[in-house]
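A.B. asks: Starting from these lines, generate the structure:
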Amino acid sequence: MARIRKSIQNKTKTHWKVALYIRLSKEDGNDESLSVANQRKILIDYLQISLSDEDYSLIDTYIDDGLTGTDTNRENFMRMKQDIINGRVNCVIVKSLARAFRNLADQQKFLEEFLPLHKARFISLGTPFIDTYVNPSAVSGFEVPIRGMFNEQFAAATSEEIRKTFNMKRSRGEFIGSFAPYGYMKDPDNKNRLMIDEEAAPVIRDIFNWYLYGLGGDNADGSLSINGIARELNERGIASPIQYKRQKGFKYQNPNSRFKQGIWTPTTIAAILKNRMYIGCMVQGRYKVISYKIHKQIKTPEDEWFTKEGTHEAIISAQLFDKVQKRLLRDTRTAPGKKTVHLFSGFLRCSDCGRALHRKSSKGNIYYYCRISKQAQKICMPRSIVGTKLAKAVLAALQIQVSLVEDLGQVIDKINRAPACVNQAARLDASRKKQEQELLRLIGISDSLYTDWKSEVISKDEYLRIKTEYKSRIEQLSTAIEKIQSERQLMSQGINRGSSYFKDFQRRRNIVSLNHEILVDLVDVITVHRDGTVGIEFNFPDPHRRILEFIESKQ
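C.D. replies: Predicted coordinates for the structure are as follows:
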């Protein structure tokens, strides 16, 4: 030790501008020996005792809390490097190599290239002890690289264990994110469980309803576009998810956001509208880091996501969410500066090419036409339709459909009140049981035929003939049983006026004009033919088919 002191004294007197670097990672947990306070105390003690006879001043303490050592883009580590480049710091002290690095390549580049280039000193108090001013060759010996390799392997193993633990929690539907999705908050009694944030949830409901129905529900202004929703929220001064988290005291940063001030953007709105978390479904693992060394996030294929239904209370209904997803598939662009979409936006299709029709105005009238017909007449014949004519045709078709559904409802009511319907379930169950018993008997006989043939009780020709007959009867019975099961299931599900199919049409019984909400609720596609006629495909094709099958089975 005396020799070391002598060597220091023989060097030119240098004023050391000291930086203390401290890092605490998530995997350190509650280990007090690795805490920020403990690291700071160890470094300060070293300064005051071991460097007491040297000329130094403590410039700053750089702390990265909750960050892995394999990430060289740590905010305060990068700030420290910049201060070294600027000459503000020329001596770095750390508790151990692992506090500064978990990556051998980064360690070597920092110690062997960066520090010598900027004439800076590095002191590590762990094993091995390093002081590049006293012993510059130590960093190029075998002990420091070996320790770096060990630290890197430890980081790799720790990363893998953490990944396995997180994936296990994800598969159980436990929330593992640092911040709850906007509209939710972490349960104070269980950080892996979400509960509705009653302050933010109404904004989520507004976003979904505005996208489908507009600001005033039944108003004629139309539903809002994604851009329009973002503008409306910003104009109302409603805090964006980033702003809201900061207002609540969270140290939240979104590295992917181009708008650091945290305004509502179309990207944010679109992400909310597509997020199944809002219907009570836990969806995690949509992004992952490339490796424990490379912390850049990449998208994960959807079939690799961790999804679990019913893990938390829904903010919106599944029915509303499904309607939104259907509309997201439509082309509903708006004119520049406009918030709302046009009445038929996203609904009109050409009957020939299947492309969306375009809207134009001329002499005070609105027209819809197929642009492809002008570009490739071999593919598509020209067609256009006046907006007022189209609206009248669609309104008339909707009025007829509403009336038809009302008639179907009356038929269903009559069937459900009939005495025969009361005992139908019991008859179906008895019939199925009888046919299942017969099926088992035939299968048993069919299986024994092979033994009879091999025992020469019957000939091969007899075996093949009888086998074919029984196979045909077994198939017929299986089909009959499946039909009974289908009818029984239909009956158990119940068909009545309480279904969404009847409700959505019946609340339009007095429809006298169109708006976007009505089209979203009832219409799937509107097709315009070359002769100007209009075809309409309504929503609920499956419920409509089931109702017709139910009525037919009762006649």
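
A.B. asks: ok, the closest residue to V139 other than its chain neighbours - contacts?
C.D. replies: Sequence neighbours aside, L111 is the residue nearest to V139 in space, at 4.3 Å (criterion: Cβ to Cβ, 6 or more residues apart in numbering). Every C-beta, even on glycine, is put in place using the N, C-alpha and C of the backbone. By Cβ atoms under 8 Å, 6 or more residues apart in numbering, the contact list for L111 reads F122, T132, V139, V144.

A.B. asks: just L439 next, same as before
C.D. replies: Applying Cβ under 8 Å, 6+ apart, the residues contacting L439 are I474, L477, S478, I481.

A.B. asks: From the residues you listed, list the buried ones, please.
C.D. replies: I474, L477, I481 (16 or more other Cβ atoms under 10 Å).

A.B. asks: picking that back up, what values do phi and psi take at the residue nearest to V139?
C.D. replies: phi -80, psi -40 (degrees, to the nearest 10).

A.B. asks: again with Q410
C.D. replies: Dihedral angles (degrees, to the nearest 10) for Q410: phi -70, psi -40.

A.B. asks: One more: C91?
C.D. replies: Torsion angles, degrees, to the nearest 10, at C91: phi -150, psi 130.

A.B. asks: For it, grab the count of nearby residues.
C.D. replies: 27 (other Cβ atoms under 10 Å).

A.B. asks: how close does it get to H15?
C.D. replies: According to Cβ to Cβ, to the nearest Å, C91 and H15 sit 10 Å apart.

A.B. asks: and if you look at G177?
C.D. replies: Distance from G177 to H15, by Cβ to Cβ: 47 Å.

A.B. asks: Now A100. Nearest residue, chain neighbours left out?
C.D. replies: In space, A100 is closest to V94, 4.8 Å off (Cβ to Cβ, 6+ apart).

A.B. asks: While we're on that neighbour, how confident is the model there?
C.D. replies: If you check V94, the pLDDT there is 92.

A.B. asks: Can you report how many residues neighbour K308?
C.D. replies: Counted with other Cβ under 10 Å, K308 comes out at 16.

A.B. asks: mind listing what the closest residue to it other than its chain neighbours touches?
C.D. replies: Excluding the flanking residues, the one nearest K308 by Cβ to Cβ, 6+ apart is G173, at 3.4 Å. If a contact means Cβ under 8 Å, 6+ apart, then G173 has M282, K308, T311 as its contacts.

A.B. asks: So which of these sit within strands?
C.D. replies: M282, K308 (DSSP state E).

A.B. asks: got the domain boundaries for the protein?
C.D. replies: The chain is divided into the following domains under automatic domain parsing: 2-156, 184-254+262-328, 346-555.

A.B. asks: just to revisit the earlier point, can you pick out the ones from the contacts of L111 that are in strands?
C.D. replies: F122.

A.B. asks: okay, and for the stretch 301-450 of the chain, where does confidence drop off?
C.D. replies: 331-338, 373-378, 412-423, 425 (pLDDT under 70).

A.B. asks: Please, where are all the helices along it?
C.D. replies: In the stretch 301-450 of the chain, the helices defined using DSSP state H, counting those that start in this stretch lie at 318-328, 372-375, 387-417, 419-422, 424-454.

A.B. asks: Redo those helices as JSON lines? Include distance to C350.
C.D. replies: As requested, these are exported to JSON lines (distance: least, Cβ to Cβ, whole Å):
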{"stretch": "helix 318-328", "distance to C350": "20"}
{"stretch": "helix 372-375", "distance to C350": "7"}
{"stretch": "helix 387-417", "distance to C350": "13"}
{"stretch": "helix 419-422", "distance to C350": "46"}
{"stretch": "helix 424-454", "distance to C350": "46"}
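
A.B. asks: so which of these comes closest to S52?
C.D. replies: Nearest to S52, of all the helices of the stretch 301-450 of the chain, is helix 318-328, at 66.8 Å by Cβ to Cβ.

A.B. asks: which strands and helices sit next to that closest one?
C.D. replies: helix 201-213, helix 266-273, helix 516-522 (3 or more Cβ pairs under 8 Å, 6 or more residues apart in numbering; DSSP states H and E).

A.B. asks: Serialize these to a markdown table and add fields for distance to K186 and mean neighbour count.
C.D. replies: As requested, the helices and strands packed on helix 318-328 are exported to a markdown table (distance: least, Cβ to Cβ, whole Å; neighbours: other Cβ atoms under 10 Å):
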| stretch | distance to K186 | mean neighbour count |
| --- | --- | --- |
| helix 201-213 | 14 | 20 |
| helix 266-273 | 19 | 18 |
| helix 516-522 | 34 | 21 |
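
A.B. asks: can these go into a markdown table with extra columns for distance to P128?
C.D. replies: Listed next are the helices and strands packed on helix 318-328 as a markdown table, based on distance: least, Cβ to Cβ, whole Å:
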| stretch | distance to P128 |
| --- | --- |
| helix 201-213 | 55 |
| helix 266-273 | 48 |
| helix 516-522 | 69 |
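
A.B. asks: Which one of the ones you listed lies nearest to L348?
C.D. replies: helix 516-522 (10.5 Å).

A.B. asks: mind exporting the closest one as PDB, just the C-alpha atoms?
C.D. replies: Presented in PDB, the C-alpha positions along helix 516-522 are these (Å, rounded to 0.1, in the frame of the first residue of the first chain):
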ATOM      1  CA  HIS A 516     -74.600   7.400 -39.200                       C
ATOM      2  CA  GLU A 517     -75.600   5.700 -35.900                       C
ATOM      3  CA  ILE A 518     -78.500   3.900 -37.600                       C
ATOM      4  CA  LEU A 519     -76.300   2.700 -40.400                       C
ATOM      5  CA  VAL A 520     -73.600   1.400 -38.000                       C
ATOM      6  CA  ASP A 521     -76.100  -0.500 -36.000                       C
ATOM      7  CA  LEU A 522     -78.100  -2.100 -38.800                       C
END
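
A.B. asks: Buried residues, the helix or strand just after that helix. List them.
C.D. replies: On the C-terminal side of helix 516-522, the nearest following helix or strand under DSSP states H and E is strand 523-528. Neighbour-count burial for strand 523-528, counted by 16+ other Cβ under 10 Å, picks out V523, I526, T527, V528.

A.B. asks: what's the neighbour count on D407?
C.D. replies: 10.

A.B. asks: Tell me how far the nearest residue to V534 once chain neighbours are set aside lies from F344.
C.D. replies: Leaving aside its chain neighbours, V534 sits nearest to A393 (4.5 Å; criterion: Cβ to Cβ, 6+ apart). Distance of A393 to F344, given as Cβ to Cβ: 11 Å.
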